[in-house]
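Undergrad: Okay, structure incoming, though there's no sequence with it:
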């Protein structure tokens, strides 16, 4: 991990804020939101952000949520790319264009150098969409950690 690169964009306080925003957003949904921030690429080749997000999604066990309602915002600092990846339960109810619109707004914030604000905006917007389609259940438990994955 290239800590200098990560800390060029984020501080420890930013990571705490992001984790708290995830916790807050998940209060109204049975969905599970994760953020992964990476600063490396595989040794061979430069895969697309979607492929890297898919690998991270499975590595984090996000495909094992009760109703397949995990969603990952994957950021690769070295490639300067990010991707929003939703599990199958979400994709059955939410069109890709919804995620594309959120992606575009996050990207606008990133272009201004507002990386934490961009992620926080994305988390809140993803949370709103998830709460519409997957409201919190009486027996809901937090299935995945809210901590930012490096």
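TA: Nice, thanks for sending it over. This is a predicted model, so every value here is computed, not measured.
Undergrad: Spit out the contact partners of the residue lying closest to residue 40 once chain neighbours are set aside.
TA: In this structure, residue 40 finds its nearest non-sequential neighbour in residue 78, 6.0 Å apart by Cβ to Cβ, 6 or more residues apart in numbering. In this view, the C-beta of every residue, glycine as well, is placed from N, C-alpha and C. Residue 78 makes contact with 2, 5, 38-41, according to Cβ atoms under 8 Å, 6 or more residues apart in numbering.
Undergrad: what do you get if the cut-off is 7 Å, keeping everything else the same?
TA: 5, 39-41 (Cβ atoms under 7 Å, 6 or more residues apart in numbering).
Undergrad: Now for the residues you listed: which two are most distant?
TA: 5 and 41 (11.9 Å; Cβ to Cβ).
Undergrad: which residues touch the worst-scoring helix or strand of the chain on mean pLDDT?
TA: Lowest on mean pLDDT, DSSP states H and E among the helices and strands of the chain sits helix 3-9, with a mean of 86. Helix 3-9 has contacts (Cβ under 7 Å, 6+ apart) with 37, 39, 77-78, 115, 150.
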